[in-house]
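> Turn this into a model:
(one chain, ligands or ions: 1)
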Amino acid sequence: MDCDLRSPLFLIHLFMSTFLPALCVIYPLNEVNLLDSKASQGELGWISYPSHGWEEISGVDEHYTPIRTFQVCNVMEYSQNNWLRTNWIPRQSAQKIYVELKFTLRDCNSIPLVLGTCKETFNLLYLETDDDQGSHFREHQYLKIDTIAADESFTQTDLGDRILKLNIEVREVGPLTKKGFYLAFQDVGACVALVSVRVYFKKCPYTVRNLASFPDTVPMDSQSLVEVKGSCVNHSKEEEPPRMYCSTEGEWLVPIGKCLCNQGYEERSSTCQTCRAGFYKSGFGNTECSKCPPHSFSHHEGSLHCVCEKNYFRAEGDPASMSCTRPPSAPRNVISSINETSVILEWSWPDNTGGRRDITFAVLCKRCRSVPADGSQRCEPCRSNVRFVPRATGLYNTTVTVTDLLAHTNYTFEIEAQNGVSSLAPQMRQYAAVTITTNQAAPSAVSGIRKEKTTRNSVSLAWQEPERPNGIILDYEIKYYEKEEQETSYTILRARGCNVTLGGLKPNTAYLLQIRARTAAGYGASSTTFQFETSPDSAFSISSESSQVVLIAISSAVAIILLTVLLYVLIGRVCCRSKSKHPDEKRLHFGNGHLRLPGIRTYIDPHTYEDPSQAVHEFAKELDASCIAIDKVVGAGEFGEVCSGRLRLPSKKEICVAIKTLKGGYTDKQRRDFLAEASIMGQFDHPNIIRLEGVVTRSKPVMIVTEYMENGSLDSFLRKHDAQFTGIQLVGMLRGIASGMKYLSDMGYVHRDLAARNILVNSNLVCKVSDFGLSRVLEDDPEGAYTTRGGKIPIRWTAPEAIAYRKFTSASDAWSYGIVLWEVMSYGERPYWEMSNQDVIKAVDEGYRLPPPMDCPATLYQLMLDCWQKERNNRPKFEQIVSILDKLIRNPGSLKITANTTSRPANLLLDRSSLEVPSMGTMGDWMDPMRTLPCKEAFSGVSYSSCDTIAKTSTEDLKKVGVTIVGPQKKIVSSLKALDSNTKNGPVPV
Ligand code: AMP
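You can find the predicted model right below:
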């Protein structure tokens, strides 16, 4: 190419027509320009020395915008030393600056006859000063930054022409300490055009992260990071002090801490905005404002709570998210069964619980008489000695026994259902009433027998009227006999009043005596046996006041001791009898079904019981240890061994059972926690929930007995039978789990620890949900990891909102169900393989999800993704999951379309790999998107030359190169197969 080498137009024209479009650049936000030669449209006024060296030239870009450039091209002459110096550039706050040069430089070979004189580099230098030195210029003061050479002088066009190429070079200078500096360009004989010079420094630009704002920050020149404290945006407060680091590259790194929107505010576009009317937010946090719950409203923006509608209330302790509620309607169907002076009252739950589950019942007893004058009823509260079993108020069950009533008396019982808001609306309270008349009853036992006077042949006694005479006492029967004669002969006397004198007795003899009262209803119960002795015959024993006192004292003491022992034995018996009856009674109530009313959420948290052992007996049957035979140990639970064995109940067939034992040396709390599982399990009755047979709590060891599941836990079962089931079999198992979970969510029970390890499988492949408990569940689970908010959570199985702020719901159970689905379809693979819990939380939060297991039907993978929706309300309900699986079972053909061949969302961390396989260059490149797979290094040393080789790669081969984790192995093998089928047309680039 011929050209005039000294023509500025030549150079300018070349780069204008070829490169300028590329110069229209928007600079990155984190770069602050100190000088940009392109921005100047007039003369730059830089100093050129000597004057025939660098020349300033004007040109225009493709938009006809004038720009200023410099060129020099004295390539034919020896000893060139041409300087170009910029104006003084104030440093501002920069410590380190960057100089970006855009220039063209001609290759000496392309210029004829210049050998020996032509150079292909120029020098970049700088000088720091505190002030502008005007035109004063001294070469030797300048420090060299670098020698600048062109990457490539020419480039070839499509038409075969050689054109000059625009070079871009960037150099760093620093640390700078003075107020400003000059740059200088020294040419020693090259043909160079300086198209633009830009000097800039980097800063971390103003940003808002985690609701904290961080100001513009200039990084340090050294390698260290600048720690910057953030300030919470308006209407938010610090949860943990927000901080970030500004790197030397002007990038914000490692955001720590965060701010939370105040109550009544929610996060929108990195700001905290007021909740709209009809919405509220009662706590701090970056959750959205919630819609007012039913029967409440908020007319103003920024509400912390919603106000209840008229006649609706919120109890103290009700969360703001709860609907406003009302007192319940009256109990229904009250039935009374009278037994002499006792009555058993039973009733049904009210039709309307007022929207609450904390229903208890209270029974008020009134004694009513009709007033003969006007025929009206006059009622007064019952006597305080009327007894209610178990109690009169706070009843959880729909029955109470009232004893110690008067015989032949009218009583009215008012039974009220109460809930947490009953006390707030006394005017709305309703009760059901029943009136009864007690029967005729014999009097209760005579008590308080005492000796008034003793002689050699007689004794005077007195006693108290029976506590409950139940009618008019006609007389008392006094039966006595000599102690020695053991009741072989006795005497009976009658007395009208409460005292008697027995005569004709032997001196110095011990007698035993019992008294009972008689009414029209017959004899009452006999008093306890009373002993007395007559006075001795001797002179010594002649009745004197003092000796009588001593005798009375001794005999009273003996009587008291005897009485106490007798009472003790009697009370003991009564208690034992009532205790042993207890469980069956409770069982009966339970079986009768007040806990099974349709439409009512019926799970009762055993911790709401004051006495947790009451909950166990409410929901679990007490088994006699002698009915249980233990065969062998099959597993280990947190509290002791799990054994298999047999249970034979009287007149029932022997069945196989699993027996969980509580090992010795347990604390009270451990016993309670152990039995809490039975209290929960005992409330469920569903073919896909493990069935409780009963508990042993009255002998040791304490045991929980459940149905036996021959194939143990699902995760190990699947691993043992890798790839051995048909799609339909797997879907059948999944359907069972979903059905069990539907039942639990209908009952209002949130499992919190749904995972394949907590599903048990029986010999017919029926899967049942197990491992119930409250906090214990997670304490027990080896997958439980402590979170920053305390408490243990099985991270890999748990929905993000449950990890972040313990929002456990049936929707978080649905997330876990998605993970179980993935576990099942990958035959017991560990979710997220060996990733750390922290990485799992981060990846999930950033929107990444597990990839489809090998050969996973597309519909099932779609179901998993639905279960893993970040917004919990968008996740399917268990009812929907059951129906989706039912459809699949009815139409098994749909299982043939596998997820590996359908298009999937692009936000899948592990999924992208299979989508991108065909276009990838090397195995290492291909592994890159699978950032979490730990085998990338192992692979990068292996090269493959053809599709055949790749397709033949087996898991064995992968083991050889160190990929030992099953997940990545399967993933890689399946992806290699996909690669094979997708790239049959040519060799894979290595
Ligand atoms: P768990 O304490 O409930 O996690 O039980 C520990 C282990 O005991 C489980 O992983 C099972 O292998 C075994 N196991 C528990 N319950 C049963 C059961 N009902 N039938 C068979 N094996 C069981």
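
> Skip the chain neighbours and tell me the closest residue to the residue positioned nearest the centre of the chain.
Closest to where the C-alpha atoms of the chain average out (C-alpha atoms, centre = their mean) is Ala802, at 3.0 Å. Leaving out its chain neighbours, the residue that sits closest to Ala802 by C-beta to C-beta, 6 or more residues apart in numbering is Ser812, at 4.3 Å. For every residue, glycine as well, the C-beta is placed using N, CA and C.

> That neighbour falls within a helix, correct?
Yes. Ser812: assigned to a helix according to DSSP: H, G, I helix; E, B strand; the rest coil.

> was I right about it contacting Ile793?
No. At 10.3 Å, Ser812 and Ile793 do not qualify as touching, with contact defined as C-beta atoms under 8 Å.

> rewinding a little: which ones are touching the residue nearest to Ala802?
Contact analysis of Ser812 by C-beta atoms under 8 Å, 6 or more residues apart in numbering lists 750, 752, 798-799, 801-802, 872.

> Of those residues, which is the most crowded?
Thr798 (30 neighbours; other C-beta atoms under 10 Å).

> For the ligand, what is the nearest residue in the protein?
Nearest to the ligand in the chain, going by C-beta to the nearest ligand atom, is Gly635, at a distance of 2.4 Å.

> The residue nearest to the centre of the chain - that's part of a helix, no?
Yes. Secondary structure of Ala802 (three-state DSSP): part of a helix.

> Strands of the stretch 401-550 of the chain, start to end?
With strands called from DSSP state E, counting those that start in this stretch, the stretch 401-550 of the chain shows them at 410-418, 431-437, 447-454, 459-464, 475-482, 491-495, 499-502, 510-519, 522-523, 530-533.

> Turn these into CSV, including mean neighbour count.
Below are the strands of the stretch 401-550 of the chain laid out as CSV (neighbours: other C-beta atoms under 10 Å):
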stretch, mean neighbour count
strand 410-418, 21
strand 431-437, 16
strand 447-454, 16
strand 459-464, 18
strand 475-482, 19
strand 491-495, 13
strand 499-502, 16
strand 510-519, 20
strand 522-523, 13
strand 530-533, 20
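
> can you list the ones you listed in TSV and add distance to Pro892?
Shown next, in TSV, are these (distance: least, C-beta to C-beta, whole Å):
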stretch	distance to Pro892
strand 410-418	50
strand 431-437	55
strand 447-454	80
strand 459-464	84
strand 475-482	85
strand 491-495	89
strand 499-502	93
strand 510-519	80
strand 522-523	77
strand 530-533	86
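
> want to try a markdown table for those strands, with mean pLDDT and distance to the ligand as columns?
Shown next, in a markdown table, are those (pLDDT from 0 to 100; distance: least, C-beta to the nearest ligand atom, whole Å):
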| stretch | mean pLDDT | distance to the ligand |
| --- | --- | --- |
| strand 410-418 | 93 | 37 |
| strand 431-437 | 90 | 43 |
| strand 447-454 | 92 | 54 |
| strand 459-464 | 94 | 59 |
| strand 475-482 | 91 | 61 |
| strand 491-495 | 85 | 65 |
| strand 499-502 | 92 | 68 |
| strand 510-519 | 91 | 57 |
| strand 522-523 | 78 | 56 |
| strand 530-533 | 94 | 59 |
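
> Select, out of those, the one closest to Ala190.
strand 410-418 (97.7 Å; C-beta to C-beta).

> And that closest one, what does it pack against?
strand 332-339, strand 342-348, strand 360-370, strand 431-437 (3 or more C-beta pairs under 8 Å, 6 or more residues apart in numbering; DSSP states H and E).

> ok, and what's touching that strand?
327-331, 334, 336, 343, 345, 347, 349-350, 353, 359-369, 379, 382, 402, 405, 422, 429-438.
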